[in-house]
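Chemist: Return a 3D structure for these sequence lines:
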Amino acid sequence: MNIAWKCLFSTGVHNRGHDYFLNGAVHDIKYSNNELKAVVSGSKDYIVRIVFSEDDENEILDMDCTCPYACDGYNCKHMVAALYKFDECRGNGLSFKNATDILLRPAYTKDDLAAREVAIKKLIAYADNKTVCSFLAEVLASDDKLCMRFYNIITELWEN
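Modeler: Just a heads-up that it's a prediction; the model follows:
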């Protein structure tokens, strides 16, 4: 895990942010165009935005958060938590750039389908339960066939 950015935070802020990360407070993480966005749940949900250099994803160019501490110009615990989650995802093989490419391009071959399945499984594995449940509820509410299919799967599990 790369924590070259640790020096950007005081020890107390770093430790509290690391605790937030360990407790699963980071969700809705997105990365594109060298910009990381994440929601970190604290006393309420805060939006973190971190911009990386185009040449080096380890070089941070800018950071902000919607929490009062960051709005006063300080680097906050929510930023730390988001950076740990980003490093965890990269360290465990989830390449945001490659995953996005694989998920969005058409899958014409067996290799493309297999790569997409791997990317989807990695994406799901690194999502927190709150995000997965929220997304699933939204999808099921908008698709009657998928809702019935999910219902049948769940009721079959209950019966066994």
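Chemist: which residue ranges form the helices in this protein?
Modeler: 11-22, 68-71, 77-91, 96-104, 110-125, 129-142, 144-159 (DSSP state H).
Chemist: which stretches of this protein have low pLDDT?
Modeler: Applying pLDDT under 70 to the chain flags the ranges 1-3, 91-106, 160.
Chemist: List the contacts of the residue positioned nearest the centre of it.
Modeler: Residue closest to the average C-alpha location in the chain (C-alpha atoms, centre = their mean): Ile29, at 2.8 Å. Ile29 is in contact with Leu36, Lys37, Ala38, Val39, Ala82, Lys85, Phe86, Cys89, Tyr126, counting by C-beta atoms under 8 Å, 6 or more residues apart in numbering. C-beta: built from backbone N, CA, C; applies to glycine.
Chemist: and if you look at Ile50?
Modeler: Glu35, Leu36, Ile60, Asp62, Met63, Met79, Ala82, Leu83, Phe86.
Chemist: Could you report the separation of the residue nearest to the fourth one when sequence neighbours are not counted from Phe9?
Modeler: In other words, Asp62. Nearest non-adjacent residue to Asp62, counting by C-beta to C-beta, 6 or more residues apart in numbering: Val51, 4.3 Å away. In this view, Val51 and Phe9 are 17 Å apart by C-beta to C-beta, to the nearest Å.
Chemist: who has more neighbours, the two?
Modeler: Comparing Val51 with Phe9 by neighbour count (other C-beta atoms under 10 Å), the higher total belongs to Phe9, at 20 against 15.
Chemist: Let me see the contact set for that one.
Modeler: Taking C-beta under 8 Å, 6+ apart, one finds Gly17, Asn75, Lys77, Met79, Val80 in contact with Phe9.
Chemist: Specify which member of the residues you listed is nearest to Asp144.
Modeler: Ranked by distance to Asp144 (C-beta to C-beta), those are led by Met79 at 41.5 Å.
Chemist: surely that closest one meets Gly17?
Modeler: Yes - counting by C-beta atoms under 8 Å, Gly17 is a contact partner of Met79 at 6.8 Å.
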